[in-house]
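>>> Sequence first, then the predicted structure, then my questions.
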Amino acid sequence: MASRVIPVDPFDLVIFGGTGDLARRKILPALFRRFVAGQIEGDVRLIGAARSEMDRDGYRTMVRAAIAEFGGEEEGRKKDLAAFLEMLDFVTIDARGTTGWAELAGKMRPGRIQAFYFSVAPVLFGDLAKRLHKHGMANQASRIVVEKPFGRDLETARDLNRVLARHFEERQIYRIDHYLGKETVQNLMAIRFGNVLFEPLWNSQYVDHIQITVAESVGVGGRGDYYDRSGAMRDMVQNHLMQLLCLIAMEPPAKFDPDAVRDEKLKVIRALDPVKATDVVRGQYEAHEDRPDYRTQVDNPDSLTESFVALKVHISNWRWAGTPFYLRTGKRLRERASEIAVVFKDAPHSIFGADAGRHRNILTIRLQPNEGIELGVTIKEPGPGGMRLIDVPLDMTFAEALGPEEADFPDAYERLIMDVIRGNQTLFMRGDEVEAAWAWTDPIIAGWAESGGAPLPYASGSSGPDDALMLMHRDGRRWREIKP
Ligand code: BG6
């Protein structure tokens, strides 16, 4: 069963930072794959814009190489690739000057959807917005796409929102959090609101606690400079983990439309309690075999930046009062594995007596890899030896249930860029949402700066610092093992 592909309307897309890492790794390969799938067709223009002196042919050569490296180009797609490259154009542009702007304006075709992807450092967002406006490209048909980090705290996020709002309406601004483009993350909403089974139990009366783990096995790689100024809290928690928390905890929106969904997410963020210092654990990875420790990797021997964070979070609303959410994320952990586990309470009374032990239902949603859902249920241990209970998983791996082709999920960027063209903001963050997330994160980061303490070291390939385990042990709970 192949999924239905509905082509989008013709559009002109400008990628500022069109020669950069994100464009080469993600944006252009995603566009190519949508083209191969038949979703992009007809008269479409993809215009790279960057400081480099380059002509159209040079850009096509660069994009061809990028797709070969990151796009899964295969022999059979050679013809497609040639047709795709035909759509490309390039303009040398100075974001802060005058070079290139008139030329770019001349390439945009009136009456089309016009999208501008700001794949550049956030300090340039304001300059780009201003010049687009000045050269007549901020019009009713245009929209801009901005990448994270959207600010580094509440104040800078507010400034950014203000700068963009001078030239674009909120409905024209697409703030990307690529986690929202992941199939399994969208599935959280389908599972919750497409089934009657879970929603009646989805509250503090039945749910003991919820765990959200986003574990990475890689280190900071070549992004040391950026990462050391951010840390796991800004890089992962303020955006990706908060989004997961919102989707798991929010009230059912009245409909699946951008503002209805984002209103509900915002309510969750606003209902978050401030986090106590004792409910947060920071970590930093140590060296392992031939792999350097965090400080060596970011070339900052005194760095106090966290590459791991675990925290216990409370949502003060009717549905969740009394049910803690435990969040953790980090680099250089045992495995790359992201999952959400909803751990239900014990049955109110065990008719099988104390010998039957303690059994709980756990609903696990595996976000990546090996995407799927697992429901732990309690059954009788087979055999004549009395009523002994065991827990077994009802396991649905999407690849098995849907078939390998259907479960070959598109990259998040494919979905998100198509949504920009379709004009659907449901999977993008609204300005007030981003600000609310910073308002909650800022005091945690400020608390670390005030205390002057250092993150706790943890062994590469482990589950993080022991204190993170204690965060749950002291509540009589434990983390699920990190496994793919
Ligand atoms: C990015 C972070 O937003 O997400 C990276 O900046 C992180 O540090 C990445 O590695 C994780 O994304 P994914 O899709 O690999 O889970």
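Right, received. Where do you want to start?
>>> OK, contacts around the closest residue in space to I315 that isn't next to it in sequence?
Take I315 and drop its neighbours on the chain: the residue closest to it by CB to CB, 6 or more residues apart in numbering is A271, 5.1 Å away. In short, each C-beta sits where N, CA and C put it, glycine included. Contact partners of A271, counting by CB atoms under 8 Å, 6 or more residues apart in numbering, are I315, S316, N317, W320.
>>> Can you get me a residue count around the last one?
This points to W320. By the criterion of other CB atoms under 10 Å, W320 has 22 neighbours.
>>> got a pLDDT number for H349?
Confidence at H349, expressed as pLDDT, is 87.
>>> hmm, back to that, kindly give a single ChimeraX line that selects the buried subset of the contacts of A271.
Those of these that count as buried under 16 or more other CB atoms under 10 Å are selected in ChimeraX with:
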select :315,317,320
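>>> Which of the contacts of A271 sits closest to D279?
Proximity of the contacts of A271 to D279 (CB to CB) peaks at I315, which lies at 13.5 Å.
>>> beta partners of that closest one?
L272 (DSSP bridges).
>>> show me the contacts for it.
Residues near I315 by CB under 8 Å, 6+ apart: A249, V268, A271, L272, D273, A321, T323, F325.
>>> Format these as TSV; extra columns: pLDDT.
Putting the contacts of I315 into TSV (pLDDT from 0 to 100) gives the following:
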residue	pLDDT
A249	98
V268	98
A271	98
L272	98
D273	98
A321	97
T323	98
F325	98
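>>> Need those residues in CSV (columns: distance to L164).
Compiled in CSV, the contacts of I315 are given as follows (distance: CB to CB, whole Å):
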residue, distance to L164
A249, 28
V268, 24
A271, 27
L272, 25
D273, 30
A321, 36
T323, 37
F325, 31
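>>> and which of those is nearest to V281?
F325 (14.8 Å).
>>> residues touching the closest one, list them.
Per CB under 8 Å, 6+ apart, neighbours of F325: H209, I210, Q211, I212, L245, I248, A249, K312, V313, H314, I315.
>>> From G386, how far off is it?
38 Å (CB to CB, to the nearest Å).
>>> leaving aside the residues next to it on the chain, what's closest to I390?
Nearest one to I390, counting by CB to CB, 6+ apart, is E381 at 4.6 Å.
>>> do the same with G283
F308 is the one closest to G283 (CB to CB, 6+ apart), at 3.4 Å.
>>> dump the residue contacts of the one you found.
With contacts defined as CB under 8 Å, 6+ apart, F308 is in contact with 232, 281-285, 328-331, 333, 455, 458, 464-465, 468.
>>> Among those residues, which lie within strands?
Within the contacts of F308, residues falling in strands by DSSP state E are V281, R282, G283, Q284, Y285, R328, T329, G330, Y458.
>>> give me the number of residues near the closest residue to the fifth one other than its chain neighbours?
Closest residue to Y285 in three dimensions, ignoring its sequence neighbours and counting by CB to CB, 6+ apart: R332, at 4.2 Å. Counted with other CB under 10 Å, the neighbours of R332 add up to 28.
>>> these two touch, right, R332 and S217?
Yes. Look at R332 against S217 with CB atoms under 8 Å: they come within range, at 6.7 Å.
>>> Now the common contact residues for the two.
Shared contacts of R332 and S217, counting by CB under 8 Å, 6+ apart, come down to G461.
>>> Settle this for me: W479 is touching Y326, isn't it.
Yes. The pair W479 and Y326 passes the contact test of CB under 8 Å, sitting 7.3 Å apart.
>>> The two - which one has more neighbours?
Y326 (23 against 18).
>>> Okay, and that one sits in which element?
Assigned by DSSP states H and E, Y326 falls within strand 325-330.
>>> Run me through the strand neighbours of that strand, direction for each.
By DSSP bridges, strand 325-330 pairs with strand 207-215 (parallel), strand 308-313 (antiparallel).
>>> show me what contacts R109?
Counted by CB under 8 Å, 6+ apart, R109 has contacts D12, R45.
>>> returning to that earlier point: please work out which of the strands paired with strand 325-330 is packed deepest.
A comparison of the strands paired with strand 325-330 by mean neighbour count, using mean count of other CB atoms under 10 Å, puts strand 308-313 on top with a mean of 25.
>>> ok so, going back, quick check, nearest of the contacts of F325 to R192?
Nearest to R192 among these, counting by CB to CB, is I248 at 7.8 Å.
>>> need the contact list for A337.
Residues near A337 by CB under 8 Å, 6+ apart: T213, A215, R366, Q368, P369, I482, K483, P484.
>>> which one among the residues you listed gets closest to D290?
Checking these against D290 with CB to CB, the nearest one is A215 at 21.4 Å.
>>> Chain neighbours aside, what residue packs nearest to A102?
H135 (6.8 Å).
>>> For the stretch 51-200 of the chain, just list every one of the strands.
Counting by DSSP state E, counting those that start in this stretch, the stretch 51-200 of the chain has strands at residues 88-92, 113-118, 142-146, 173-175.
>>> tell me the mean pLDDT over the third one?
pLDDT averaged over strand 142-146 equals 97, rounded to a whole number.
>>> partners of it, with directions?
Paired strands of strand 142-146, defined by DSSP bridges, are strand 113-118 (parallel), strand 173-175 (parallel).
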